[in-house]
Structures are given as C-alpha cells and as structure tokens.
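1. Predicted model, plus sequence, below.
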Amino acid sequence: MAKTRVFELAKELRVSHKELMDTMASLGIYTRSHMSVLENGEVIKIRNYYRHLRRAAKAAAQAAIQSATETEGAPGPATHVGETNVQPAAPQPVLPQERPEEGGATAELKQVPVPEQQEVVLREKAEGVAKAEAVVEEKPSAPPERSREVAKIAKASPGKPEVAPITSSRVEKVEKIDKPEKGEKVRPRGRERREKERKGKVTPLDTARPLRKRAESKPLRIPKPPELGTKETQEKRRERPGKIEAKARERIRDRFLEEEREEERLVWREKPRPKVKEQPEPPRVVPHVVLSGPLTVQELAKKLNKTAAEVIKKLMSLGVMATINQELDVDTAAIAAQELGAEVEIKIERPITELPDIPDDPATLKPRPPVVTVMGHVDHGKTSLLDAIRHTNVTATEAGGITQHIGAYQVTVNGRKITFLDTPGHEAFTAMRARGAQVTDIAVLVVAADDGVMPQTVEAINHAKAANVPIIVAINKIDKPDANPERIKQQLTEYELVPEEWGGDTIMVPVSALKKQGLEQLLEMILLVADLQELKANPDRPARGVVIEAKLDRGRGPVATVLVQKGTLKVGDTLVAGSVYGRVRAMLDDRGNRVQEAPPSTPVEILGLNDVPEAGDIFQVVEDEKLARQVAEERLIEKRQKELQVAAKTSLDEIFKQMEAGQLKELKVILKADVQGSVEALRNSLERLSNEEVKVNIIHSGVGAITETDVMLAAASKAIIIGFQVRPDANARKAAEGTGVEIRLYRVIYEVLDDIKAAMVGLLEPEKREVFLGRAEVRATFKVPKVGTVAGCYVSEGKIVNRALVRLIRDGVVIYEGRIASLKRFKDDVREVAQGFECGIGLEKFNDIKEGDIIEAYTIEEIRREL
Ligand SMILES: Nc1nc2c(ncn2[C@@H]2O[C@H](COP(=O)(O)OP(=O)(O)OP(=O)(O)O)[C@@H](O)[C@H]2O)c(=O)[nH]1
C-alpha cells in the first residue's frame with residue numbers, strides 16, 4: 001500500500017497541512033513535519049474525522065435552512081428577502097458530494113445563499129441542531145413533522161416555493177422566543193409544554209429545543225453562504241471543509257473520538273474472540289498406545305507422553321500402588337492408559353509355540369510297522385510277555401543289545417517289524433493320550449487264563465476302546481493246569497470282545513509267556529491287524545514323533561527315547577521336543593547300536609538335546625536351529641507361567657481346599673522361628689500331628705526372618721509358611737503377594753498347633769453313620785393325580801420326618817431307597833409325624849407302594865474325626 005504523507009492528506013482533504021497537523025494532534029496523532037508518513041490506520045482515522053466534521057456542518061446548515069423556512073410562517077410568494085435570493089426551486093442546500101475515489105471519505109459542502117439578516121437566526125437554529133446532533137445523534141435533521149408541514153404547504157400552493165421567505169416580523173418573533181424579555185411569558189418546556197400543546201394552548205414548536213441557553217452561549221458559526229456566481233468565492237469555500245466554531249469543533253472531535261473508541265472497543269471485543277472461536281478447535285490429540293505386554297510405569301508414562309508421577313497418581317486413584325520401575329500387567333496398564341485419555345490397543349504377539357504338522361500327500365505314504373502296547377490286569381504277565389517276545393526275536397548276534405531298555409523295542413517277524421512300547425499298562429497309555437500323543441496302533445490285552453477278567457482288564461478294554469485302538473487278546477499262562485481259555489473268552493464276550501471262532505472279530509491267541517508258547521502266532525496276528533489298518537507314513541520328510549522316555553545320563557547328558565511317527569529322523573537334525581531343543585548328535589536303537597537314520601515307527605535314543613524332555617512331548621524336526629530355540633524357549637516360558645499360576649494358589653486356604661477335595665493329603669510346611677529351640681519344638685509337635693491320612697511334611701525349617709527364598713520354595717512346593725516370633729522381610733512379603741503364598745505368623749506355640757490341627761481335622765474324611773428315625777407301616781395306598789401313589793401309614797416306631805432318607809421294605813427286602821417327597825397329616829403338610837399317628841407319605845420318584853410295606857426313615861450323621 002502506498003504511503004501517505006501529511007501534506008498529501010492535507011491536499012486531499014483540502015486543508016492546510018498546518019491545520020491538518022493541528023487536527024491530527026487533537027486526535028492524538030503526532031507527526032514531526034508535513035513530510036511525515038502516516039500509518040494507514042491514522043489516515044483512515046483522519047479521513048473519518050473530517051467526514052464526520054463535514055457531515056455535522058452540512059446537517060447544521062440544512063437544519064438552519066429548514067428552521068428559517070419554518071420561521072417565515074405561512075406560505076407566501078417566493079420573493080427576494082433582503083439582498084439575497086432564496087432559490088425557490090432549490091430550497092435544500094446542495095448536499096456535499098462524496099468523492100468516489102475517497103470512498104466517501106471527504107465531502108464537499110455546497111452552501112446555499114442565505115440572506116444576510118437570516119444568517120443570525122439560521123446560525124442560532126443551526127447551532128442548536130448541530131449541537132443536538134453533535135451531542136446525541138437522535139435527530140439528525142429537522143423533525144419529520146416540520147418536513148411534512150412544509151410539504152403540505154407546498155402541496156396547498158402549487159407553484160409556490162416550499163420554503164417561505166423569512167420576514168422581519170418572523171425574525172423578531174423568533175428572537176423573542178429565544179430571548180424572552182422581562183415580564184414576558186416564558187414558553188413552557190418539556191412535559192408542561194407537551195401538555196399544553198395537547199390542549200392547544202401553545203403552538204407546537206418542533207425546533208424549539210435547540211433554543212437552550214447553553215446552545216445560545218456557544219453559537220455555531222455557519223459558514224456564510226457564498227454569493228452565487230462568484231467563482232472565486234466558491235473556490236475558496238470548496239477549499240475548506242466547513243467553518244465551524246472552535247468549541248463546537250472540539251465537541252464534534254470529542255464525539256468522534258468517543259465513537260472511535262467505542263468502535264475500537266467493539267472491534268476489540270468482537271475481533272480477537274471470534275478469532276479464537278472461529279478457528280476450528282484443534283482435534284484433541286488422543287495418544288494411541290499399543291500394549292504388547294507387561295511394562296513398567298516409566299515405560300507406560302513415556303508411551304502416554306506423560307510424567308511417571310501422573311501415571312503413578314492415576315494408578316493410585318485406581319487402587320494400584322506402583323513405583324516408577326514397577327511392572328504393570330497389560331490389563332492394569334490398559335485401564336490406566338484409558339483413564340489418562342489414551343486410546344489403547346492391546347496387541348500381544350503370541351509367541352510361536354506351536355509347530356504345525358505338515359500334511360502328507362497320500363502318494364508319499366508308505367507302509368510302516370505297527371506300534372503295540374501291552375495292557376492287562378496286575379500279574380497277568382504283561383512284562384513277561386514283552387520280555388518273551390523280545391528274547392524270542394533277538395538273534396544271537398544281537399544278544400549284546402538285549403539289556404538295553406529304552407522304553408520301546410522292535411522285533412522282526414517274517415521280515416516285518418513290530419514296535420512294542422516297553423511301558424505296559426493302560427495308565428501309561430492313557431497318560432500319553434492325555435498329552436496328545438496317540439502312539440499305539442494295536443493294544444495287546446493280556447488276560448491270565450487261570451484268573452480271568454479282572455477290574456483292570458475291564459479298564460484296559462475301555463481305555464483301548466476309547467482310543468479306538470484294535471484289541472488283540474493274549475490269553476496268557478495257558479501252561480498252567482488250571483488255565484481255562486474258554487472261560488476267558490466267555491467272560492470277554494460281556495465286554496463286546498467276541499472271538500472269531502464264535503463269529504466275532506476279536507483275535508484271541510492263547511500264549512504262555514513263561515513257556516514262550518503261541519508267541520509267533522500272536523506276532524503274526526499283530527501284523528494281520530496292522531495290514532487291516534493300513535498303517536502308513538511318509539518317510540521322506542522331516543521327522544515328527546513322540547518322546548517315550550527321557551533321562552539325564554551322567555556321561556551323555558540328556559537322553560530321550562523317541563518314537564518316530566512320520567518322516568525319518570537323521571543324525572544332525574535339529575529338533576524341538578516340548579520345551580527342549582537340540583541337534584541330534586547321536587542315535588542309538590533299542591539294542592544300543594548307533595544308527596544314522598530312524599524311519600517311521602522306529603524307537604531311537606537320541607543325544608544332543610539341551611535338556612531332558614518329558615515323556616509324551618511331541619518332537620518335530622525344524623530346519624532352523626534359531627527357530628527351534630525360540631519355540632522351545634517360548635514353550636518353557638509358557639510352562640513356567642502355568643507353574644506359577646499353580647503356585648499362585650498356594651495359600652493356606654487353597655491348600656486346605658485341595659486337601660478337602662482329596663487332591664492333597666500332605667501338608668507341606670516351611671517353618672521359621674526366632675531360635676533353634678523353638679524350631680525343634682515346633683517341628684516335633686507338628687510332625688506328631690501327622691496321621692495315616694494327612695501327613696505334616698516340614699520341607700524346610702530355620703532360624704531367622706522369612707525370606708524371599710522361603711516364599712519361592714513354598715510357591716514351588718505348594719507349602720505354607722509358619723513364622724514363629726519372626727516376620728517376613730519386605731521382599732518376602734512382596735514375593736508372597738505375587739505368588740499367593742500365605743504366611744502365618746504366631747507368637748504362641750499352642751496357637752500354631754491348634755490352627756494346624758483344626759485345619760487337618762477338616763481334612764479328615766468325616767465318619768458317616770446312619771441314625772434310625774422311625775418306622776411306618778403302609779395301611780392303604782391312594783393314587784393322587786399329578787402326584788402319584790401316596791401311602792396311608794401308621795407310625796409304629798420313632799418318628800417320620802419330611803424329606804428324610806427312607807427305604808421301603810417289602811417282605812424283608814429293600815425295594816426302594818430314596819427320600820420322602822411329601823408328608824401330610826390329613827391335608828396339611830407337616831414337618832414330622834410322631835409314633836402312634838397316621839400320616840400320608842409320598843416317596844420321591846417311586847409309586848410302587850403296596851399295603852403292608854414298611855417305610856423306614858433314617859438320617860446320615862457325619863462324625864468329625866479327631867486327630
Ligand atoms: N505259569 C506262568 N506264569 C507266568 C506266565 N507269564 C507270567 N507269569 C508269571 O506271572 C507273574 C507276573 O508276571 P508279570 O509279567 O510280572 O506280570 P505283569 O502283568 O507284568 O505284572 P505287573 O507288572 O505287576 O502289572 C510272574 O511271576 C510271572 O512269572 C505264564 O505264561 N505262565
């Protein structure tokens with residue numbers, strides 16, 4: 001924007017720069033010289049002021065003319081008054097023209113010629129108007145009534161000038177009004193005047209208001225109208241914005257400045273605030289927090305972009321007392337973060353603990369040897385049979401390896417192999433199954449021919465059936481004179497094992513483990529069943545199988561017997577077995593021979609694992625050793641967490657609950673006391689509390705405070721801690737809170753003993769005893785719809801109690817055992833009926849009551865046992 005200098009603005013406003021500078025000073029704008037550059041705001045302010053000034057002058061002039069017209073009175077011919085002509089055709093002064101380039105900033109006031117005499121009056125009038133306008137901008141111009149009046153006159157006298165010429169009498173009159181002489185009646189004002197006007201006592205005087213003394217004393221000088229046609233004068237006039245008396249000017253300026261200030265105030269009030277309001281509220285930045293696992297308070301604070309103190313404070317409000325380095329679990333951290341206004345995303349990356357099995361293309365499958373488990377009742381000859389088979393099928397050259405017991409072995413029959421699992425019994429079989437290892441293809445059920453089907457035989461049958469494993473029955477000990485295989489077959493039919501010769505599909509082979517009879521036939525039958533099953537596996541893939549047995553060998557380190565189920569295990573393979581991993585350093589077969597490869601269904605002992613795996617663990621060969629380690633480590637963490645979870649339940653209450661549930665019959669105690677004497681005394685006293693059912697096992701005892709190590713031992717062993725005259729240290733207390741181990745503190749020995757005794761008593765199975773209540777004879781029976789049969793009875797002995805346990809005896813035989821469903825006397829339900837009274841008895845879920853039956857009521861009392 002172009003700069004405006006003082007003299008330029010003076011030129012524009014048609015005032016001298018000196019005058020402009022004076023004006024500027026009065027407006028609070030100070031400049032050094034007429035060459036000074038003005039600010040835009042200053043220029044606008046000055047222009048506004050001049051515009052204001054001119055408007056006031058114009059209004060004053062206009063009002064003066066109108067007032068003069070009115071003063072003249074009735075319309076008359078438009079004649080010359082005095083020296084000057086009033087232009088009838090243009091009674092209004094020519095309005096100042098706004099210069100378009102100034103945007104109306106300045107206006108030119110063109111004065112209408114006014115007769116000399118009129119000037120005084122006009123001046124007075126105009127002064128009043130100008131003053132009125134300058135002070136309060138209520139009536140910017142002549143009152144409308146006056147305009148209307150003038151218009152009416154003009155209408156009534158067409159062709160006549162609208163403004164009546166001002167006569168001398170009129171001037172006098174006006175002067176009289178303005179300056180009342182002594183004794184003259186002063187024209188009423190205000191309310192009084194309005195009242196009188198209404199009553200018609202005075203003539204309405206619209207423009208009378210300016211005739212106040214104050215206004216009179218400060219007359220506003222109206223610029224003298226220039227003589228028409230005098231160009232020089234006109235030019236001269238044009239140069240000045242309007243000649244106004246200094247004081248009036250001051251008032252105008254003050255008003256202008258006041259307006260300016262008001263405007264500024266408004267602008268200030270409106271502008272800055274809307275700026276804040278108008279601006280769209282910045283979107284609330286909600287921190288997005290991704291939680292991938294437990295983290296410390298400090299780490300959480302960092303994620304939230306907050307101070308640790310803020311996080312700790314929030315945690316405190318949530319009831320969690322945490323220090324800056326304390327680890328928070330994901331849930332706690334998530335709640336705290338949400339409370340602190342964050343958007344929480346829990347993204348726990350599940351570690352790889354599962355290695356998916358590779359599905360095999362059926363075309364790659366090749367027959368594999370069957371895996372056999374031997375089951376049966378105790379002493380029916382399982383071990384003998386396994387040994388007999390092994391010995392029978394071991395050639396002389398392999399004799400050296402016979403002593404190798406690795407948990408499984410293979411025998412060769414007619415050039416085909418059969419794998420036997422060396423751990424007989426269905427318990428081991430089911431334990432494997434429970435761990436997800438379905439190892440067995442065929443179950444050989446050993447039943448001693450001289451003994452018959454026994455409870456564990458039945459269990460074995462059920463377990464094999466549940467596993468959908470075909471059963472081959474080996475009827476053992478046929479060498480015994482009292483052996484009766486046919487009886488065995490007969491008994492087995494009850495369990496849906498029907499021999500083939502009887503039309504069934506169960507192969508039954510009579511054998512003698514002792515005499516090694518029937519073994520070959522048994523093995524052939526195993527192969528036959530295997531063929532029927534079409535046991536196949538893909539040998540050309542990374543091996544996968546099950547750990548059968550594992551141990552830590554002093555010389556060789558961790559040793560595991562694994563059964564390869566799929567693929568071929570090779571020396572040098574990297575594998576993961578449960579939570580252990582390693583590279584197969586060496587492989588030995590069931591005879592102790594080193595082998596390089598182990599195809600499907602082959603049991604081998606492997607060396608090279610980092611730790612001892614558990615029986616039942618699935619092993620899998622992986623190409624990447626790093627992956628193997630990672631998976632194993634993750635599984636180990638998982639396992640430890642599970643153990644910890646179990647340990648977390650090691651509170652005394654939990655131990656007692658487990659004991660009550662029969663899961664635990666041993667109370668493990670860690671005993672800490674102040675002196676050795678107390679330790680010994682307590683140890684002896686506590687151990688003496690042991691009985692056949694519940695044993696107090698003090699796994700650790702010592703002198704001194706309860707330490708964190710004590711708590712960890714208790715957590716791992718599911719033990720409780722008894723502190724006598726000692727207290728846990730801070731770490732122990734924290735550890736106990738974390739693991740859930742309960743610490744019991746005592747000061748008196750007998751309190752310890754009483755507590756433990758009471759707890760153990762609770763663990764003892766209470767003795768149950770039947771208590772006879774009464775007997776009733778059934779004398780009649782009634783069939784009641786929706787209820788069933790009700791017996792009309794007579795209580796012959798004791799009492800019959802509602803809901804009591806009863807047995808129904810008919811001819812000395814117990815027909816029913818259950819409860820009384822309803823007991824009534826006449827139509828009312830009663831709680832009990834005493835001897836000698838009649839009653840109605842309904843039995844729970846039993847309607848076959850007959851006349852002459854005896855109903856015996858009894859109750860079971862539990863007698864708490866004492867130690
Ligand atoms: N006469 C005779 N005795 C046998 C035969 N088989 C096993 N026995 C005997 O039966 C007894 C039990 O044999 P085990 O092989 O130990 O029986 P088990 O089923 O393995 O027994 P647990 O391991 O206790 O379940 C032993 O004394 C054997 O000598 C047999 O075929 N004939």
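-> That came through fine. Residues are numbered from 1 along each chain as shown.
2. can you list the domains in this protein?
-> Domain assignment for the chain by the TED database gives 6-65, 288-346, 369-534, 544-644, 664-763, 767-863.
3. Can you say which of those is nearest to residue 356?
-> Closest to residue 356 of those is domain 544-644 (C-beta to C-beta; 9.3 Å). Heads up, the C-betas are built off the backbone N, CA and C, glycines and all.
4. which bits of the chain sit near the ligand?
-> 376, 378-384, 424, 476-477, 479-480, 512-514 (C-beta under 6 Å from any ligand atom).
5. rerun that using 8 Å as the cut-off
-> Counting by C-beta under 8 Å from any ligand atom, the residues of the chain close to the ligand are 376-388, 424-425, 446, 448, 450, 476-480, 511-515, 517.
6. Mind checking which of these are in strands?
-> Among these, the residues falling in strands (DSSP state E) are 376, 446, 448, 476.
7. And stretch 827-836, end to end?
-> This stretch, stretch 827-836, spans 18 Å end to end (C-alpha to C-alpha, to the nearest Å).
8. I'd like the average pLDDT over stretch 554-563.
-> Across stretch 554-563, the average pLDDT comes to 89.
9. Where does pLDDT dip in the stretch 51-200 of the chain?
-> 68-200 (pLDDT under 70).
10. Could you list the low-confidence segments of the stretch 651-800 of the chain?
-> 651-665, 716-717, 759, 761-768.
11. Would you mind giving the secondary structure of the closest residue in space to residue 407 that isn't next to it in sequence?
-> Nearest non-adjacent residue to residue 407, counting by C-beta to C-beta, 6 or more residues apart in numbering: residue 549, 3.5 Å away. Here residue 549 is recorded as strand under DSSP: H, G, I helix; E, B strand; the rest coil.
12. What about residue 549, how many residues nearby?
-> 22 (other C-beta atoms under 10 Å).
13. ok, it - contacts?
-> Contact analysis of residue 549 by C-beta atoms under 8 Å, 6 or more residues apart in numbering lists 406-408, 423, 560-561, 615.
14. swap the cut-off to 10 Å and go again
-> When contacts are counted by C-beta atoms under 10 Å, 6 or more residues apart in numbering, residue 549 is found next to 405-408, 421-423, 559-563, 603, 605, 613-616.
15. circling back to that earlier point, between the domains of the chain, which one is closest to residue 362.
-> Counting by C-beta to C-beta, residue 362 lies closest to domain 369-534 out of the domains of the chain; the figure is 11.0 Å.
16. what's the first-to-last distance across the closest one?
-> Domain 369-534 has an end-to-end distance of 10 Å (criterion: C-alpha to C-alpha).
17. what does stretch 479-496 give?
-> Stretch 479-496 has its terminal residues 26 Å apart, counting by C-alpha to C-alpha.
18. contact partners of it?
-> Outside stretch 479-496, the residues touching it (C-beta under 10 Å, 6+ apart) are 445, 447-454, 457-458, 461-462, 465, 471, 473, 475-478, 497-499, 501-502, 504-506, 508-517.
19. Let's see that with 6 Å instead.
-> 447, 449-450, 452-453, 461, 475, 477, 499, 508, 510, 512, 514-515 (C-beta atoms under 6 Å, 6 or more residues apart in numbering).
20. Wait, residue 565 touches residue 543, no?
-> No. Between residue 565 and residue 543 there is no contact, the gap being 8.2 Å when judged by C-beta atoms under 6 Å.
21. and the two? which has more neighbours close in?
-> Taking other C-beta under 10 Å, residue 565 and residue 543 do not tie; residue 543 has more neighbours (25 against 21).
22. hang on, that one packs against residue 571?
-> No. At 11.5 Å, residue 543 does not count as touching residue 571 under the criterion of C-beta under 6 Å.
23. Serialize the domains of the chain to a markdown table and add fields for distance to residue 356.
-> Shown next, in a markdown table, are these (distance: least, C-beta to C-beta, whole Å):
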| stretch | distance to residue 356 |
| --- | --- |
| domain 6-65 | 79 |
| domain 288-346 | 23 |
| domain 369-534 | 14 |
| domain 544-644 | 9 |
| domain 664-763 | 33 |
| domain 767-863 | 52 |
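24. Ok, which of those comes nearest residue 257?
-> domain 6-65 (6.7 Å).
25. top helix in this protein by residue count?
-> Longest helix in the chain, counting residues (DSSP state H): helix 40-71.
26. elements contacting that one?
-> For helix 40-71, the elements it packs on are helix 116-135, helix 246-270, judged by 3 or more C-beta pairs under 6 Å, 6 or more residues apart in numbering; DSSP states H and E.
27. Buried residues of stretch 720-729, list them for me.
-> 720-724, 726, 728-729 (16 or more other C-beta atoms under 10 Å).
28. what does stretch 490-505 give?
-> 491-492, 495, 497-499.
29. burial count for residue 376?
-> Considering only other C-beta under 10 Å, residue 376 is surrounded by 27 other residues.
30. now swap in residue 577 and tell me
-> By other C-beta under 10 Å, 28 other residues sit near residue 577.
31. do the same with residue 817
-> Residue 817 is flanked by 13 other residues according to other C-beta under 10 Å.
32. coming back round to it: restricted to buried residues, select the residues of the chain next to the ligand in ChimeraX.
-> Entered in ChimeraX, the line below selects the buried ones among those, by 16+ other C-beta under 10 Å:
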select :376,377,380,381,382,384,385,386,388,424,425,446,448,450,476,477,478,479,511,512,513,517
